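# I need the structure of the sequence given here:
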Amino acid sequence: MPADSSVLTLVRGRADRLRNLMRGLARQTVRPRELVIAWMQAATAPDLPDPGCPVRHLHVPGEPMPLAAARNRAAEAASGDLLVFLDVDCIPGTGLVAAYARAASQTDGLFLGEVLYLPPGLAPLDDADLDRLGRTHPARPPVPETGLRPEPDSGQLWGLSFALAARAWGAVGGMDEAYAGYGGEETDLAARLKAGGLPTFWVAGARAYHQHHPVHVPPLQHFAPILANAARFRARHGRWCMTYWLGQFRDAGLIAWDEGAEAIRLLRHPTEPEIAAALRPDALFS
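Take a look at the predicted model:
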């Protein structure tokens, strides 16, 4: 029997993106038990559409953005057996909830779904148009055409779209709220789940569509949190995460680091002009 699913999302600003996410939930072939929205801001957005299921609203303030805490509060409030985490920028394909629920009914695991990236300025369309216009991330492996495919690297977890049983989330205590600001908390969760024996799978049919927004390449606006969170991950797991971004920071002359290093040596912080120059309005991927 398919698992009873709660969809969870985090919001700060981007109310237009949230509305598209909710419209996508209303088109699901299998509707979730509920949508849980963790607002990382003082007020909810007005004029939200009907997602075809009950909606729970939580407020989780904090600076920098309390990403780990907001996910934890949303998971604590959820009543479903399966937690489906969906980024506010993502429009769920019509089969996303059904695919994750079917996977959870077959085995225990950390389930990952495909995300296609949409070009700038795109209005909501049906799945066929979204499939035609969406682009796969070059760093992501292909998903299976049917069923599940084991993924040996739990670090493939990306917070845009993933699912796991509520009991598996609770068994590891959710996300570590000591990861402050952007980066690392998802990879840490995946590593702890793997250490606890939970396998990772790619799931056929759990497709979502990422609505475009400008990105920084590299993400210099998150420079300090990325360094701090990478160091925290290294201290716990004995290896580095976010190595791609750390390599970009090194190549920009901001840090001295390599994957064999015990620590990151800060050379200088990025300047405001450097941060501004890293913004790529039309880039699909960071």
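# does Tyr17 count as helix, strand or coil?
For the record, residue 17 is Arg, not Tyr. helix (DSSP: H, G, I helix; E, B strand; the rest coil).
# check contacts around it.
Counting by CB atoms under 8 Å, 6 or more residues apart in numbering, Arg17 touches 88-89, 211. C-beta here means a position set from N, CA and C on the backbone, and glycine is covered the same way.
# Glu34 too?
6-7, 53-56, 78-80.
# now do Ser154
110, 190-191, 193-194, 200.
# distance of it from Thr271?
36 Å (CB to CB, to the nearest Å).
# contacts for the longest helix belonging to the chain, please.
In the chain, taking DSSP state H as the definition, the longest helix is helix 223-237. Helix 223-237 is contacted from outside by 64, 178-185, 187-188, 191, 219, 239-242, 245-246, 249, 254-255, 263-264, 266, 269-270, 275, using CB under 8 Å, 6+ apart.
# repeat for stretch 128-148
Taking CB under 8 Å, 6+ apart as the rule, stretch 128-148 contacts 91, 93, 103, 106-107, 109, 111, 113-119, 122, 125, 149, 151, 156, 158, 201-204, 206-207, 209-210, 244, 284-285.
# then stretch 181-189?
Everything outside stretch 181-189 that qualifies as a contact, by CB under 8 Å, 6+ apart, is 64-65, 67-68, 71, 155, 157-159, 172, 174-176, 179, 219, 222, 224-226, 228-230, 232-233, 236-237, 241-242, 245.
# of the residues you listed, buried ones?
Among these, those scoring as buried are 65, 67-68, 71, 155, 157-159, 172, 174-176, 179, 219, 222, 225-226, 228-230, 232-233, 241-242, 245 (criterion: 16 or more other CB atoms under 10 Å).
# once you drop chain neighbours, what's closest to Pro199?
Computed as CB to CB, 6 or more residues apart in numbering, the closest residue to Pro199 that is not its neighbour in sequence is Gly109, at 5.1 Å.
# can I assume that neighbour is in contact with Leu164?
Yes. Counting by CB atoms under 8 Å, Leu164 is a contact partner of Gly109 at 7.1 Å.
# export stretch 232-248 to CSV, keeping only CA atoms.
C-alpha atoms of stretch 232-248 as CSV (Å, rounded to 0.1, in the frame of the first residue of the first chain):
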residue,chain,number,x,y,z
ARG,A,232,31.9,21.4,10.7
PHE,A,233,31.3,18.6,8.3
ARG,A,234,35.1,17.8,8.1
ALA,A,235,35.3,17.6,11.9
ARG,A,236,32.4,15.2,12.1
HIS,A,237,33.0,12.9,9.1
GLY,A,238,36.7,13.2,8.4
ARG,A,239,36.2,14.4,4.8
TRP,A,240,35.2,17.6,3.1
CYS,A,241,31.8,18.4,1.5
MET,A,242,31.0,21.2,-1.0
THR,A,243,34.4,20.5,-2.6
TYR,A,244,33.4,22.0,-5.9
TRP,A,245,32.6,25.4,-4.3
LEU,A,246,35.7,25.3,-2.1
GLY,A,247,37.8,24.7,-5.2
GLN,A,248,36.2,27.7,-6.8
